[in-house]
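K.L.:
Quick one, what's the 3D model for this:
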Amino acid sequence: MNPMLRRLSRFPWSQASNPDAWAQLLHESVQAVPAGQPASHSVLLARSRCRLKWFRLASVPAGERMAALQMQAQSWQPFDESSCLYSVVGDEGVILAWDAAAASALLRRAELDPERTQLIPETLLRKPDEDGVHLIACIEGVEGQVWREGLLRSSRWWPSMPSAEEWALFLHASACAAAPLPEPARLPWLGKPWLAMQRLGEAQAAGAEARIVAIGALSLALCAGFVGRQAFDVWQQVNEREQAIAQLRESGAGLADARDMALAKATQAQQWLHLLSEAQPIEVIVELHQTLGKTGVQIKEFELAGGKMKLGLQLGLQTQRADVVRMLQSGGWFVGVAETRTENAQGLMHVELSLDGLRPPAKAQQAASAPEGGSI
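P.N.:
This is a model prediction of the structure:
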């Protein structure tokens, strides 16, 4: 059995330096290896079969972003059985997914063994374009791309040339200025992908969800200890400033200026304490699991930005949408819960909501009632 995570650089892509010599997995069929070309384990995965999604990770510490993105890849499942590639670039993460079950069925129909075949996404093998908005000709259809700072920041695929209105909507969604619809450009192939990505294994071991919750609880405990230590350091700084003010009052020399300076620094320290903590994605996932875990509801899409959150939920057979909204609101942390209607929902219930505070009410009350000078 293949390991869960494998670097793409380990795949035997050097068997054919030109992807035109590979078999191609299209939207509805498999195009065989061109006549006269040697057989290869590599198969080009058409853009028409792929979904791309970007995640903002600015609120997650740099050292934890890959782990957080891996959890996002496990929860974001656009297909019943998805294969995923993911990578962290700066303060953003990108996930590329495709329908693993449909791909395996097409490969077997073409007498190819899915277990020995390496699917390489077409988008990763097209030569990167310069910064800006581009329309790229694909194996099937066309792809709109937005490049910034040498990295792909937005992408959308159409089976044929988009209309002017569709192109304008894509530019608006990508935060780009209006521009006329260009002619599609055909970019040359690369010998290897322009972005190194990790693969999320198709087979998950039994009890994976329980292990994720355990890891989340451990991470939450570590975060709580870190925040507590920082709060104690800030308290010490405030206490030192207050003692300095008292000494200046006793000395009587330069009382007003020194007092104003110390109070200003104390205020800055208190502001730092206020800004130190923010809602952690792992803590939010744990709370969602505790709230919805017993109902059979599965989290398929998860996006957290500041105090706002978007969810894509797959409901159980006996679960009502109104019950899901009521359960999310019952804990008091999730407020403004509202179901939204989106295109290509894939049978999911999409919900938007806000966080009332940085922690769940029960945990926040426990933290507030703890003695200030206690051990950490």
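
K.L.:
Contact partners for the nearest residue to Trp147 once chain neighbours are set aside?
P.N.:
Excluding its sequence neighbours, the residue lying closest to Trp147 (Cβ to Cβ, 6 or more residues apart in numbering) is Asp131, at 4.9 Å. In this view, the C-beta of every residue, glycine as well, is placed from N, C-alpha and C. Asp131 makes contact with 147-150 under the criterion Cβ atoms under 8 Å, 6 or more residues apart in numbering.

K.L.:
distance of Val297 from Gly312?
P.N.:
According to Cβ to Cβ, to the nearest Å, Val297 and Gly312 sit 11 Å apart.

K.L.:
residue ranges for the strands of the stretch 251-376 of the chain, please.
P.N.:
298-305, 308-314, 334-340, 349-355 (DSSP state E, counting those that start in this stretch).

K.L.:
the inter-axis angle of the first one versus strand 349-355?
P.N.:
In other words, strand 298-305. 40 degrees (axes from the mean of the first three to the mean of the last three Cα atoms, to 10 degrees).

K.L.:
among the strands of the stretch 251-376 of the chain, which is nearest Ile245?
P.N.:
When the strands of the stretch 251-376 of the chain are compared by Cβ to Cβ, strand 349-355 sits nearest Ile245, at 36.7 Å.

K.L.:
packing partners for that closest one?
P.N.:
When contacts are defined as 3 or more Cβ pairs under 8 Å, 6 or more residues apart in numbering; DSSP states H and E, strand 349-355 sits against strand 308-314, helix 321-330, strand 334-340.

K.L.:
Would you tell me which one of those is buried the most?
P.N.:
Stretch with highest mean neighbour count among those: strand 308-314 (a mean of 20; mean count of other Cβ atoms under 10 Å).

K.L.:
Over the longest helix seen in the chain, what's the mean pLDDT, rounded is fine.
P.N.:
Counting residues, the longest helix found in the chain (DSSP state H) is helix 208-251. Mean pLDDT, helix 208-251: 81.

K.L.:
So what's the residue count around the closest residue to Ala338 other than its chain neighbours?
P.N.:
Leaving aside its chain neighbours, Ala338 sits nearest to Glu352 (5.5 Å; criterion: Cβ to Cβ, 6+ apart). A count of neighbours around Glu352, defined by other Cβ atoms under 10 Å, yields 14.

K.L.:
wait, isn't Glu352 in contact with Val335?
P.N.:
No: between Glu352 and Val335 there is no contact under Cβ atoms under 8 Å: 11.2 Å.

K.L.:
List the residues that contact the residue most central in space within the chain.
P.N.:
Residue closest to the mean C-alpha point of the chain, counted by Cα atoms, centre = their mean, is Phe55 at 3.6 Å. By Cβ under 8 Å, 6+ apart, the contact set of Phe55 is 69, 72, 92-95, 303.

K.L.:
Follow the chain on from the helix or strand of the chain with the lowest mean pLDDT and name the next helix or strand.
P.N.:
Lowest mean confidence among the helices and strands of the chain (mean pLDDT, DSSP states H and E): strand 5-7, at a mean of 33. Note on strand 5-7: by DSSP states H and E, the next helix or strand toward the C-terminus is strand 23-25.

K.L.:
Which elements pack onto that next one?
P.N.:
Using 3+ Cβ pairs under 8 Å, 6+ apart as the test, strand 23-25 ends up in contact with strand 30-31, strand 42-45, helix 100-109.

K.L.:
most neighbours per residue, which of those?
P.N.:
Greatest average neighbour count among the helices and strands packed on strand 23-25 goes to strand 42-45 (a mean of 23), per mean count of other Cβ under 10 Å.

K.L.:
Note down every partner strand of the helix or strand that comes right after that one and its orientation.
P.N.:
Downstream of strand 42-45, the next assigned helix or strand under DSSP H and E is strand 50-56. Strand pairing for strand 50-56, determined by DSSP bridges: strand 92-99 (antiparallel).

K.L.:
tell me the pLDDT at the closest residue to Ala46 other than its chain neighbours?
P.N.:
Spatially, and ignoring its direct neighbours in sequence, Ala46 is nearest to Ile139 (4.6 Å; Cβ to Cβ, 6+ apart). For Ile139, the model assigns a pLDDT of 92.
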